[in-house]
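Enquirer: Have a look at this fold, sequence not included:
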């Protein structure tokens, strides 16, 4: 069985919302539930972009045993 990740959502996290919950707390809660989190922050930007991924089983293209002509 081969595993891969699938993007399930993007969250723009403004600096001001850190009063409620920090980026680190959000990442911790998401990873506790089994999600993978990618974090991007541009220098001077007032927000952090978090990409949330779910690990899934890779299902490649099914091979057709009979040849069609």
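Expert: Okay, I see it. Everything numeric here is computed off the predicted structure, so don't read it as measured data.
Enquirer: List the contacts of stretch 2-19.
Expert: Counting contacts by CB atoms under 8 Å, 6 or more residues apart in numbering, the residues outside stretch 2-19 that touch it are 23, 26, 35-36, 46-58. For the C-beta atoms, the positions are set from N, CA and C on the backbone; glycine is no exception.
Enquirer: so of those residues, which ones are in strands?
Expert: Of the contacts of stretch 2-19, the ones assigned to strands by DSSP state E are 36, 47-57.
Enquirer: Show me the beta-bridge partners of the residue nearest to residue 34 when sequence neighbours are not counted.
Expert: Distances taken as CB to CB, 6 or more residues apart in numbering place residue 55 nearest to residue 34, at 7.0 Å, with adjacent residues excluded. Counting by DSSP bridges, residue 55 forms beta bridges with residue 5.
Enquirer: So what's the residue count around residue 55?
Expert: Neighbourhood size, residue 55 [other CB atoms under 10 Å]: 11.
Enquirer: That one and residue 18, how far apart?
Expert: 28 Å (CB to CB, to the nearest Å).
Enquirer: Which stretches in this protein count as helices?
Expert: 23-32 (DSSP state H).
Enquirer: Would you agree residue 50 is in contact with residue 36?
Expert: No - between residue 50 and residue 36 no contact is recorded; they are 10.7 Å apart, counting by CB atoms under 8 Å.
Enquirer: got any ranges where the chain has weak pLDDT?
Expert: For the chain, the stretches with pLDDT under 70 are 61-69.
Enquirer: Please repeat the previous calculation with a cut-off of 90.
Expert: Counting by pLDDT under 90, the ranges of the chain that qualify are 1, 15-19, 42-45, 58-69.
Enquirer: Spatially nearest residue to residue 38 (excluding sequence neighbours)?
Expert: In space, residue 38 is closest to residue 51, 4.1 Å off (CB to CB, 6+ apart).
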